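Peer 1: Need a 3D model of the sequence below.
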Amino acid sequence: MNKLDIDFVRSQFPAFSQENLQGWGFFENAGGSYACGQVIDRLGRYYNETKIQPYGPFPASKRAGEEMDSARIRLAGLLNIHPDELSFGPSTSQNTYVLANAFRAALNEGDEIIVTNQDHEANTGVWRRMADKGIVIKEWKIDSESGALDTSVLDDLLSQHTRLVAMPHCSNILAIHNNIPAIAQKVHAAGALLLVDGVSFAPHGLPDLKNLGADLYLFSLYKTFGPHQGALYVRRQVLDQLENQGHYFNAGYPEKKLTPAGPDHAQISAVNGIVDYYETLFAHHCDEVANLSEQAKHMNALFSAHETDLVGKLLNYLRSRNDLRILGPSSPENRAATIAVLPSRPAWDITTDLAEKKIMAGAGDFYAVRVLEALNVPVDPGVLRLSFVHYTSQCEIDQLISALDQTL
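Peer 2: Purely as a prediction, here's the structure:
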């Protein structure tokens, strides 16, 4: 099947059959997606059957530990990495803080870190604070009109003292896909590491991390149809050099090294549901046998084609209006299905009006204050953000456009 079966996809999400959500168009997916049924089932089953300390000698405890291990191994398979390179934490923001603390001991006064002003604050603020240790912080600035990051500017910023470049895979406001493989080549040629925030990219297709080129990659599982956890990939050679953030006696366990507190057993177990979901979709759309990484690539291509069609339709409508400004690319290519606009009246007022027409949308700065400042957009009240993923239907896009036409 070379086209996404949207009816089958939506049948995997209990939210679409809930009475209180009937008739509502959900366009704040960038803040958190609906959970697929497989994740909900896994979470409920864990709490019902194995909500005890895992890894013990009795059957329920053994099964609890096995399900947690399975989640790490199977998600690593989707991402095309080794399970030892994958850590879980309560959120991407907290994972970033822990990671920055792990880096502190490895950095010396005069070392340089490059950050961007295209990021969500979670992936820039922690590194900027390194200045208090004598680390030189350089800012890779976006173009003030397009919001894009020019790689020729990065060339001027990189030096023999650069240790880390922290950047987004795509912005949660601008949605521009940054060319991570090409950027990774430049960063590695300078002898530095590349850290990528994939929170706004991963919901539109889990990346092949082995071939992406990033040394470190973070994203939020509650935005990829799963439980409220953050996923953190650190290339093993890098992980081995970082200071342990867990209990001293756990320093030899790669999956515990960046986990200061005890893991959330049930939610980690429920990560299996994300993999179950991919496998279910792949089996429905393809007759071939493939490993998890290949299944992810196949489904990502179908997700992308479906989302690009929807983005194109919405952008066509938005371009026809003269009372708003589209932030980021005005064409559907090379961008995520997250569209932020600066309307002629306060964005929050518009979301309130849209809610009366059963449209769920977001307004504000979305923790991307530096982006808005660089684009000369008032942080208060911020922008109207319309974000969707592959389970969004053409009918919902039509509903959104009709509501916008009445509201704007």
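
Peer 1: Which residue ranges of the stretch 151-300 of the chain form helices?
Peer 2: 151-157, 180-189, 209-212, 236-239, 265-270, 272-285, 292-319 (DSSP state H, counting those that start in this stretch).

Peer 1: among those helices, which is the most enclosed?
Peer 2: Mean neighbour count (mean count of other Cβ atoms under 10 Å) peaks for helix 265-270 among the helices of the stretch 151-300 of the chain, with a mean of 24. (Each C-beta comes from the backbone N, C-alpha and C, glycine too.)

Peer 1: buried stuff in stretch 368-381?
Peer 2: Using 16 or more other Cβ atoms under 10 Å as the test for burial, stretch 368-381 gives Ala368, Val369, Arg370, Val371, Leu372, Ala374, Leu375, Val377, Pro381.

Peer 1: Does the last one belong to a helix, a strand or coil?
Peer 2: Three-state assignment for Pro381 (DSSP: H, G, I helix; E, B strand; the rest coil): coil.

Peer 1: got it, and the fifth one?
Peer 2: Per three-state DSSP, the local secondary structure of Leu372 is helix.

Peer 1: any idea how far Val153 is from it?
Peer 2: 20 Å (Cβ to Cβ, to the nearest Å).

Peer 1: that older thread, take the helices of the stretch 151-300 of the chain and lay them out in CSV including distance to Leu354 and mean pLDDT.
Peer 2: Below are those laid out as CSV (distance: least, Cβ to Cβ, whole Å; pLDDT from 0 to 100):
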stretch, distance to Leu354, mean pLDDT
helix 151-157, 37, 97
helix 180-189, 34, 98
helix 209-212, 36, 98
helix 236-239, 44, 97
helix 265-270, 31, 98
helix 272-285, 29, 98
helix 292-319, 14, 98
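
Peer 1: so which of those gets nearest Phe225?
Peer 2: Between Phe225 and those, the shortest gap by Cβ to Cβ is with helix 272-285, which sits at 6.1 Å.

Peer 1: That closest one versus helix 292-319: what angle between them?
Peer 2: 80 degrees (axes from the mean of the first three to the mean of the last three Cα atoms, to 10 degrees).

Peer 1: hey, C-alpha coordinates of helix 272-285 in PDB?
Peer 2: Taking Å, rounded to 0.1, in the frame of the first residue of the first chain, the C-alpha atoms of helix 272-285 are listed here in PDB:
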ATOM      1  CA  ASN A 272       6.600  -1.100  23.900                       C
ATOM      2  CA  GLY A 273       3.200   0.200  22.700                       C
ATOM      3  CA  ILE A 274       4.900   2.700  20.300                       C
ATOM      4  CA  VAL A 275       6.700  -0.200  18.700                       C
ATOM      5  CA  ASP A 276       3.500  -2.200  18.700                       C
ATOM      6  CA  TYR A 277       1.800   0.600  16.800                       C
ATOM      7  CA  TYR A 278       4.500   0.900  14.200                       C
ATOM      8  CA  GLU A 279       4.400  -2.900  13.700                       C
ATOM      9  CA  THR A 280       0.600  -2.900  13.400                       C
ATOM     10  CA  LEU A 281       0.700  -0.100  10.800                       C
ATOM     11  CA  PHE A 282       3.500  -1.800   8.800                       C
ATOM     12  CA  ALA A 283       1.700  -5.100   8.700                       C
ATOM     13  CA  HIS A 284      -1.400  -3.400   7.400                       C
ATOM     14  CA  HIS A 285       0.400  -1.300   4.800                       C
END
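
Peer 1: Thanks a lot, see you next time.
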